[in-house]
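>>> Sequence and predicted structure below; questions after.
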2 protein chains.
Amino acid sequence: MKKTSLKDLAKHLGLSQTTVSRGLSNYPEVTETTKALIRAAAAELNYAPSSSAQKLAMGRSFTIGHIVTLSQHMTINPVYADFIAGAGETYAAHGYDMLLSMASKDQELATYRNLTNAQKVDGFILSEPVPGDARIALLQELGIPFLVHGRAHSHAEDTKHYAWLDVDNRQGVYDGTSHLIAQGHHDIAFLNGPESLHFALERRRGFEKALQEASLTPHPSWLVSADMTEQQGYEHATRLLSEAKQPTAIICSSVLMALGIQRAATAKGLSLGRDLSVLCWDDCLSGFHDSAQIPQFTAMQSSIFEAGAMIAELLISKIISPQSATPQTLLKAPLVEGKSTGPGPYF
Amino acid sequence: MKKTSLKDLAKHLGLSQTTVSRGLSNYPEVTETTKALIRAAAAELNYAPSSSAQKLAMGRSFTIGHIVTLSQHMTINPVYADFIAGAGETYAAHGYDMLLSMASKDQELATYRNLTNAQKVDGFILSEPVPGDARIALLQELGIPFLVHGRAHSHAEDTKHYAWLDVDNRQGVYDGTSHLIAQGHHDIAFLNGPESLHFALERRRGFEKALQEASLTPHPSWLVSADMTEQQGYEHATRLLSEAKQPTAIICSSVLMALGIQRAATAKGLSLGRDLSVLCWDDCLSGFHDSAQIPQFTAMQSSIFEAGAMIAELLISKIISPQSATPQTLLKAPLVEGKSTGPGPYF
DNA sequence: AATGCTTTTGAAAGCGCTTTCAAATTACAG
DNA sequence: CTGTAATTTGAAAGCGCTTTCAAAAGCATT
């Protein structure tokens, strides 16, 4: 049995394709009565419009592109997976599809170009921007809407020319650090993420600013940039807790790291919140999020899933009305008190 | 500047659309000379065919659908992320795109149906089949090609009616267990994955079969079904290693669990491979894979990434020649000796 | 009943490709 | 040369929708 086309449906109803098409798209000029008729017949004949025909006729693809580069590790990291999940829900709600494309690093730009030229997508979302990201210039040249998750420049002036949504990493860590200081901690270590990425740089700045304002100078080996894994958290914490002079508080860039720190602390017989304060950045990842009434870890919280949903929403608006103002959204990551911090020695 | 269409290109060349189209698609009836001309002009005018026009004309979408259901945890698990990465590379190599769709559990079937009816995809890949999975019946009814990663039935007879690629979970765990027994272990625990999933059931069967053949009966609390996380590995191992009668070897269903077991063992002052043998299933996940010369863990290895690539390949063949035999591929997961196992007390 | 509006419907022209079928060209044998 | 077969090209008909523009129908007002 062949698929029913609009033509079939129109013939069946004794109406023109035009009216049927309008009826299904809920145009105001079609009477409710005929609309009802049309819908009934459509349901009966199990009609569904062919998306490629629609795309061709309307000149839009109703598809958003996500390109992920498989690095040496061929991996899609969990943060990105969560982000995609958030975006995907929003797409579905708006009738958009998500085109996920894998590319090696050296084919990345070509892939953006091809997808654009073949008109396979109406827009892109860029993830994990690096400083001065080349993709931004390319997409601007191609003239296709896009939204960046994060920013690619440190100076506000440079970020004015493209649309982005970011979380205020600097302010978040600043707030967290200040909080610890106010609680009486003067010896604070920071296990940051990889500082080749922009967000980690921002976090570092927040940390340094808070210390500076309190006239504190950190031990050089207390500010480290590492992969945000449990293992790294464990190793660095173990080291920190073995040195002669030990921090009374550790800030870290992910819940995973915090778990590693906890493991190290437990091994040393230290209790979190009493003997050692731990403060972390919590991306609220589905798998790792700390959703207890009183969270295990005191943290700056900012949901990546929601960021994905918001970005998707912004991009779709931008696609629909390209002339609207370029959205530049800075989210706050509020500090949520958990059980892993407590007063320090100077309290 | 407007996009150049095939018509523009043909006019520019003084040829017909037909010839140009054929030339670009490398039809044999077009002379190499004209082909060269066409290609040069296409490059010059920066021509790229509109994919929706192609799709409409050819009646195919060159797109494969992946539907992921966001469970209560809204998560895309790392195993799936890796699988997708493998499939994605293969799609790209064959000129196919990947449509990733998020759906809640109760909209899952409707989403398969919609994507099919709108002709958005040429085929599907089903992941994480549950016993008697309803999606299989649906897709068969819809008459769209699909491939299952894993199987949905325990009896070989029932799996004959659909295409799948699976790894021999039963045999893998059987081999691993037998190996431990041969090494002199009689007290073996098994931390399996969630037994609601088919693969976990298979693994359990392999475990039980090996024990039975050696006339061993496991302690009931030594066979547990749990989430495959580090935490679960840690907790169950801690429990196992605290009871009066302790296993001399633990088999588990993921590297993550093995890490948890290692943490528990270390905390008890036990050394892996000497005081306790640990054998795990290794999906060779990008992030967690143990690629040392002599791996940390003795493991049954089977790369999910490669499974993704193979399945994609099989599906594309099936789409191209729907009449071909239904592929049913069972991969082996070879046992690779690492440092985490050693002779047991009965050796 | 004729007039001018407003509302509702439809014919037909795209959208940009592929592909069928026929025509034109070339090659080759007689 | 001519006739026939093999090769190369092109006109035009879709693919299944949306949308423009024009026509028809409905309705109230004179």
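That came through fine.
>>> for chain A, which spans come out with low pLDDT?
A:1, A:72-75, A:286-293 (pLDDT under 70).
>>> what does it have sitting close to DNA strand C?
Residues of chain A found near DNA strand C, taking CB under 7 Å from any atom of the strand as the criterion, are A:14-19, A:22, A:28-31, A:34, A:53, A:56-57, A:59. C-betas here are computed from N, CA, C, even on glycine.
>>> try it again with 10 Å
Contact residues (CB under 10 Å from any atom of the strand) of chain A with DNA strand C: A:6, A:10, A:13-23, A:27-35, A:37-38, A:52-59, A:117-119.
>>> The residues you listed also near DNA strand D: which ones?
Okay, of the residues of chain A next to DNA strand C touching DNA strand D (CB under 10 Å from any atom of the strand), that's A:6, A:10, A:16-23, A:27, A:29, A:31, A:52-59.
>>> of those residues, buried ones?
Neighbour counting over these (16 or more other CB atoms under 10 Å in any protein chain shown) leaves A:6, A:10, A:19-23, A:52-56 as the buried ones.
>>> Which residue ranges of the stretch 51-200 of chain A form strands?
Using DSSP state E, counting those that start in this stretch, the strands of the stretch 51-200 of chain A run over residues A:63-69, A:97-103, A:123-126, A:146-149, A:164-167, A:188-192.
>>> Those: which one's closest to B:M98?
Among those, strand A:97-103 comes nearest to B:M98, with 5.0 Å by CB to CB.
>>> Strand partners (parallel or antiparallel) of that closest one?
strand A:63-69 (parallel), strand B:97-103 (antiparallel) (DSSP bridges).
>>> and chain A, which residues reach DNA strand D?
Residues of chain A lying near DNA strand D (CB under 10 Å from any atom of the strand): A:2-10, A:16-25, A:27, A:29, A:31, A:47-60.
>>> in chain A, which spans are helices?
A:6-13, A:17-24, A:32-44, A:51-58, A:78-94, A:108-117, A:134-142, A:169-182, A:198-213, A:230-240, A:255-267, A:304-320 (DSSP state H).
>>> To B:P220, which of those helices lies closest?
That would be helix A:255-267 among the helices of chain A, by CB to CB, at 30.2 Å.
>>> Does at least one residue of that closest one sit close to chain B?
Yes: residues of helix A:255-267 contacting chain B under CB under 8 Å from any CB of the partner chain: A:263, A:267.
>>> Could you write out the alpha-carbon coordinates of that helix in CSV?
What follows is helix A:255-267, C-alpha atoms only, in CSV (Å, rounded to 0.1, in the frame of the first residue of the first chain):
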residue,chain,number,x,y,z
VAL,A,255,31.4,16.9,40.9
LEU,A,256,33.6,14.1,39.6
MET,A,257,36.7,15.7,41.0
ALA,A,258,34.9,16.4,44.2
LEU,A,259,34.2,12.7,44.5
GLY,A,260,37.9,12.0,44.0
ILE,A,261,38.8,14.6,46.7
GLN,A,262,36.3,12.9,49.0
ARG,A,263,37.9,9.6,48.4
ALA,A,264,41.3,11.1,49.2
ALA,A,265,40.0,12.8,52.3
THR,A,266,38.3,9.6,53.6
ALA,A,267,41.5,7.7,53.1
